[in-house]
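S.K.: Next input, structure requested:
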Amino acid sequence: MGVLFSSLFGRLFGTKEVRILILGLDNAGKTTILYRLQVDDIVQTIPTIGFNVETIQVKNVKLQVWDLGKMTAAAYSVLLQEQSPWQVVRAAYGPIGGVTIRTLMASSTSWTRPIGIDSQDARRELNNLLDEEELQGVALLVFANKQDLPDAMSSVEVSEGLGLTQIRSRQWAIYQASAVRGDGIKEGLDCFLPPTQLLLLPLSTMNFPADNLMQEYRTNHWNDIWIKPLISDSSIYGFKDLTYQDVTPAWLTKILYPTDWDNWSPEYTKFTTQIMREYWWVSWVVVACYLIAIPVGQRIMKNRPAFNLKKPLALWNLFLAIFSFIGVTRTVPLLLGGIWYNGPLYFVCRNASASYGTGPAGLWISLFMYSKYFELIDTAFLVLRKRNVNFLHWFHHATVLLYCWHAGAYEQPTGIFFATMNYMVHSIMYFYYFLSSVGHKPKWGLTVTILQITQMFAGMFIVAVHYYSISHVTNCDGAYEDLVAAFLMYTAYMLLFVQFFVGRYVAPKKAASAKKAAVSASKKSN
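M.R.: Reported below is the predicted structural model:
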């Protein structure tokens, strides 16, 4: 057991070794990058002959960096005709040994060299390099270096030249950098180092483009500017904005999407978000009327007989169960597919209109937000049937409506997590209510409550990850005020549902046990 815990502790907190290979033409800044990582300062370098091997400690990761030089343009020309760079590495320096976990490539700021190396040659050689057996699955980090020079190419130009957007089989990223100024070097390296070794999740970080943020629309043009959807087939930062066809097998697509009626276009995304922004006050008016209507309705019903609404209630619960189940079938494939292709951080930081705002998922997440108005009918059934409307019930309905309307206006990236979890729990919960309303109350009411509590803890965790990511991931989208509201909301729900759980399932058992013990003691005394 001690060995087990020692091994686990070592995995979480021990030093990990990562081998890095830096490749690039001469004068690309490879050695300058190496020493910038090592001493965080400018070091006067001379052209590297042979290679440099340096060990650098970053966080709890020990980096063994191989700086290969001197690779002149003439030598590179020979490579293009005869061998791959990796073959030259093996021939000139012997096998490096072990598994290369991270590969950094220092990219020049211009394709034009004395012998005329162009982007097509560079793209072809990069593809050949990545096809090598030793580099299968190895991550690629490209530095568009020397951004301090006036003729420097942008990361977009370098990405297009190298064909990085076509890479699907490995994690990759590109950073604009200046080794001389120290810009982008550590940020790029952090892209491949986990933010914390405590999270046992594949939270691969990304550098999102600047237009991933929507603050300019939020602050300057709240009511009169339509949102520009950020839909693109792929991004220069290594992720792909997916459609339901990308994430659903063909056979399953025919079952889930027999027609194309809910394949929402980007125009509808703009429309629904604009409604929430222009009519933000509607949710507050409705909630105010709702909170007033509850005591007024109870007063009206006080001296009246309760309505017999058994059949309407059963149909209502069945409708919401089916509605929620369809929502599950529309959101789960995109959520799982997006995580599979891009990593969980994609739905933490990517703008909602680009990541899940269109197609069936976009429609059903919008319907999810609108459904919070219709779910207020749950309370009407309680009032008309003269049932108790407890604090948990009305507080939950009121606050979730306000939050959904606010989050929709702000296009919170994590909305797909919240909607999917809620759809899943509600599909089970309302089906439970349906069976109960027709006289077949299931025995798994405890399971429903546990699922509700689990949902609240999951929501708190997602909000915490999002809050951290906004501060540590470049251009991670999200509004702090919305995150604070979400965390407070989920915390309150968690406490209230735990209180409900204790009152419904724990306290009665304790009372029954105490009563049984008292009866047993009484019999013994007699």
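S.K.: Could you check the pLDDT of V158?
M.R.: pLDDT for V158: 72.
S.K.: wait, doesn't it sit right on I174?
M.R.: Yes: with contact defined as CB atoms under 8 Å, V158 reaches I174; the gap is 6.4 Å. All C-beta atoms are positioned from the backbone trio N, CA, C, and that covers glycine.
S.K.: Can you pull out the low-pLDDT segments for the stretch 401-526 of the chain?
M.R.: Applying pLDDT under 70 to the stretch 401-526 of the chain flags residues 510-526.
S.K.: following the longest helix seen in the chain, which helix or strand comes up?
M.R.: Taking DSSP state H as the criterion, the chain has its longest helix at helix 310-342. Heading C-terminal from helix 310-342, the first helix or strand you meet, by DSSP states H and E, is helix 346-349.
S.K.: what does that following helix contact?
M.R.: Residues outside helix 346-349 that contact it (CB atoms under 8 Å, 6 or more residues apart in numbering) are 206, 208, 212, 239, 335, 338-339, 355-356, 413-414, 416-417, 462, 465-466, 469-470, 473, 475-478.
S.K.: can you do 6 Å?
M.R.: F208, F239, G338, S355, P413, I416, V465, H466, S469, V473, C476, D477 (CB atoms under 6 Å, 6 or more residues apart in numbering).
S.K.: how about the longest helix of the chain: buried residues?
M.R.: Neighbour-count burial for helix 310-342 flags 313-314, 316-318, 320-321, 323-335, 337-339, 342 (criterion: 16 or more other CB atoms under 10 Å).
S.K.: Can you tell me the element Y370 falls in?
M.R.: helix 359-374.
S.K.: Tell me the helices and strands packed up against that helix.
M.R.: helix 310-342, helix 391-410 (3 or more CB pairs under 6 Å, 6 or more residues apart in numbering; DSSP states H and E).
S.K.: can I get those in CSV with distance to Y430?
M.R.: Shown next, in CSV, are the helices and strands packed on helix 359-374 (distance: least, CB to CB, whole Å):
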stretch, distance to Y430
helix 310-342, 4
helix 391-410, 14
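S.K.: mind checking which of those helices is nearest V296?
M.R.: Nearest to V296 among the helices and strands packed on helix 359-374 is helix 391-410; the distance by CB to CB comes to 13.1 Å.
S.K.: Mind listing what's buried along the helix or strand just after that closest one?
M.R.: On the C-terminal side of helix 391-410, the nearest following helix or strand under DSSP H and E is helix 415-437. For helix 415-437, burial by neighbour count (16+ other CB under 10 Å) applies to 415-435, 437.
S.K.: Stretch 275-294 too?
M.R.: Buried-residue list, stretch 275-294, by 16+ other CB under 10 Å: I275, M276, R277, W280, S283, V286, V287, Y290, I294.
S.K.: could you say which helix or strand contains the closest residue to G362 other than its chain neighbours?
M.R.: Closest residue to G362 apart from its sequence neighbours, by CB to CB, 6 or more residues apart in numbering: W264 at 4.6 Å. For W264, there is no host helix or strand (DSSP H and E).
S.K.: what separates W264 from T447, distance-wise?
M.R.: Distance of W264 to T447, computed by CB to CB, to the nearest Å: 33 Å.
S.K.: Looking at the two, which has the bigger crowd around it?
M.R.: W264 (21 against 13; other CB atoms under 10 Å).
S.K.: one step back: farthest pair in the buried residues of stretch 275-294?
M.R.: Greatest spatial distance among the buried residues of stretch 275-294 (CB to CB): R277 and I294, at 28.7 Å.
S.K.: Can you give me the buried ones in stretch 147-157?
M.R.: Neighbour-count burial for stretch 147-157, counted by 16+ other CB under 10 Å, picks out Q147, A152, M153, S155, E157.
S.K.: can you list those in a markdown table and add distance to L382 and secondary structure?
M.R.: Below are those laid out as a markdown table (distance: CB to CB, whole Å; DSSP: H, G, I helix; E, B strand; the rest coil):
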| residue | distance to L382 | secondary structure |
| --- | --- | --- |
| Q147 | 63 | coil |
| A152 | 66 | coil |
| M153 | 65 | coil |
| S155 | 57 | helix |
| E157 | 62 | helix |
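S.K.: Kindly indicate which of these lies nearest T399.
M.R.: S155 (42.3 Å).
S.K.: Local confidence estimate at the closest one?
M.R.: For S155, pLDDT reads 68.
S.K.: quick one: contacts of stretch 404-414?
M.R.: With CB under 6 Å, 6+ apart as the test, stretch 404-414 has contacts from 214, 276-277, 280, 283, 348-350, 352, 369, 372, 415, 462, 466, 477-479, 482.
S.K.: sorry, that was for stretch 376-387
M.R.: By CB under 6 Å, 6+ apart, the residues outside stretch 376-387 that reach it are Y290, G297, Q298, M301, A306, F307, L309, L313, V389, H397.
S.K.: CA atoms only: put that stretch into CSV for me.
M.R.: What follows is stretch 376-387 as a C-alpha-only set of coordinates in CSV (Å, rounded to 0.1, in the frame of the first residue of the first chain):
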residue,chain,number,x,y,z
LEU,A,376,-42.6,27.9,-14.2
ILE,A,377,-45.8,26.0,-14.9
ASP,A,378,-44.5,23.4,-12.4
THR,A,379,-45.3,25.9,-9.7
ALA,A,380,-48.8,26.6,-11.1
PHE,A,381,-49.6,22.9,-10.7
LEU,A,382,-48.5,23.0,-7.1
VAL,A,383,-50.6,26.1,-6.3
LEU,A,384,-53.7,24.9,-8.1
ARG,A,385,-53.5,21.5,-6.4
LYS,A,386,-52.9,23.3,-3.0
ARG,A,387,-49.5,21.7,-2.5
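S.K.: Show me what the helix or strand that contains V282 is packed against.
M.R.: Here V282 sits within helix 281-301, counting by DSSP H and E. Counting contacts by 3+ CB pairs under 6 Å, 6+ apart, helix 281-301 is packed against helix 391-410.
S.K.: how about 10 Å then?
M.R.: With contacts taken as 3 or more CB pairs under 10 Å, 6 or more residues apart in numbering; DSSP states H and E, helix 281-301 sits against helix 266-278, helix 359-374, helix 377-384, helix 391-410.
S.K.: Give me whichever of those helices is most buried.
M.R.: helix 359-374 (a mean of 22; mean count of other CB atoms under 10 Å).
S.K.: That'll do, ta.
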